[in-house]
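Participant: here's a sequence, model it:
(2 chains)
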Amino acid sequence: IAANTVINACGALMPVEEVLQMLRGMEAKRHRANRVTVNFVLQLLVKAGRMEDAVELFEDLCSRQRADAVTFGTMANAYGKRRMLEKMEEVVRDAAAVGQVSLPLLNATLDAYGKSGLFGNMENALQRMKSFSVAPDLTSFNILIHAYGMSGMVAEMEATVEGIKAAGLKPDSYTYNILISAYGEAEMPYASMRILQEMQEESLVPDAITYRNLISAFERAGDFLEAARWSMWSKQITQPTM
RNA sequence: GAUCGAUCUUUCUUCGC
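Facilitator: Just a heads-up that it's a prediction; the model follows:
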């Protein structure tokens, strides 16, 4: 009934316990929580750091064939974020077994391997997408760029940026913010600045993250004057006079 | 029956481990 709506609307503000009780209450009364609601609760548990409860719910859903692509994606990401990579792969296998492998799930695995510095696994995960007949999207590319950038693998990163165009996609604000951060990490702040220009040429609006990344880039390179300059500039931009 | 909308994936910060 309306309990689905209540959970979806208020779930984020309610104690997790209450949400769980409500969900169980619905099951007890044979009111079936819909798939979105169940997935929403699963995500709540994950965000609350209650992996044990999340796993319990997940396994319950699996055993009753009620796990869908979002369910598997949520769990794969949860394990990936915790760097429980073998568990994550189990989820991928489970999802594959029932034909519920999604692009977000695969992207979550890319990110997990990338952030773990396991570039070989990341490449394999990328190749694996083909076997699921899934094409990498812009998020996939952003994940790869971030992974290479944060590890100072500038050549690989730039090759991946080329791949975006080759795939017929266009970089978005995430891409540019990641690149600005990456060149900063590599102590190439003027390359970061170039990226900001490109971003503006594409009519994308730099946000607070953009400026923070650029400021850090100059700070890391020891150019505190330029950093201060951008800091003042960003304050003017992001706090327009009223 | 189809499609769309609410739930999963990527950038800075804070906080946890």
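
Participant: mind showing which ranges of chain A have poor pLDDT?
Facilitator: Applying pLDDT under 70 to chain A flags the ranges A:1-15, A:239-242.

Participant: go through it and flag its longest helix.
Facilitator: Looking across chain A with DSSP state H, the single longest helix is helix A:224-238.

Participant: gap between it and the chain center?
Facilitator: Chain-centre distance of helix A:224-238: 28 Å, with Cα atoms, centre = their mean, to the nearest Å.

Participant: hmm, it in reach of RNA strand B?
Facilitator: No - Helix A:224-238 is not in contact with RNA strand B by Cβ under 7 Å from any atom of the strand; minimum separation 11.6 Å. Yep, even glycine has a C-beta here, placed from its N, CA and C like the rest.

Participant: correct me if wrong: A:D68 contacts A:V38.
Facilitator: No - with contact defined as Cβ atoms under 8 Å, A:D68 does not reach A:V38; the gap is 9.0 Å.

Participant: tally of neighbours for A:A33?
Facilitator: By other Cβ atoms under 10 Å, the residues close to A:A33 number 20.

Participant: cool, A:M232 as well?
Facilitator: Neighbour count for A:M232, taken as other Cβ under 10 Å: 10.

Participant: quick one, what contacts A:M188?
Facilitator: If a contact means Cβ atoms under 8 Å, 6 or more residues apart in numbering, then A:M188 has A:154, A:217, A:221 as its contacts.

Participant: and it, how far is that from A:C62?
Facilitator: Per Cβ to Cβ, to the nearest Å, A:M188 is found 47 Å from A:C62.

Participant: ok, now A:V46?
Facilitator: 16 Å.

Participant: residue in chain A nearest to RNA strand B?
Facilitator: Closest to RNA strand B within chain A is A:G73: 2.1 Å, counting by Cβ to the nearest atom of the strand.

Participant: which one of A:D68 and A:V38 is surrounded by more residues?
Facilitator: A:V38 (25 against 18).

Participant: and that one, backbone torsions?
Facilitator: Backbone dihedrals for A:V38, given as degrees, to the nearest 10, come out at phi -60, psi -40.

Participant: I figured it hits A:V70, correct?
Facilitator: No - taking contacts as Cβ under 8 Å, A:V38 lies outside contact range of A:V70: 9.3 Å.

Participant: can you pull the contacts of the residue positioned nearest the centre of chain A?
Facilitator: The geometric centre of chain A, computed from its C-alpha atoms, lies nearest to A:A108 (Cα atoms, centre = their mean), at 6.7 Å. By Cβ under 8 Å, 6+ apart, the contact list for A:A108 reads A:73, A:76-77, A:80, A:88.

Participant: out of these, which is most surrounded?
Facilitator: Scoring the contacts of A:A108 on neighbours with other Cβ under 10 Å, the highest-scoring entry is A:A76 at 27 neighbours.

Participant: now it: closest residue in space that isn't a chain neighbour?
Facilitator: A:V91 (4.4 Å; Cβ to Cβ, 6 or more residues apart in numbering).

Participant: just the strands in chain A please.
Facilitator: In order along the chain, chain A carries no strands (DSSP state E).

Participant: now do the helices in it.
Facilitator: Secondary structure of chain A (DSSP H): helices at A:3-10, A:16-28, A:35-47, A:51-63, A:69-81, A:85-97, A:103-115, A:119-131, A:138-150, A:154-166, A:173-185, A:189-201, A:208-220, A:224-238.

Participant: in the fourth one, what's buried?
Facilitator: Buried residues in helix A:51-63, counting neighbours by 16 or more other Cβ atoms under 10 Å, are found at A:51, A:53-55, A:57-58, A:61-62.

Participant: for the residues you listed, which one is nearest A:V98?
Facilitator: Nearest to A:V98 among these: A:C62, at 8.5 Å, using Cβ to Cβ.
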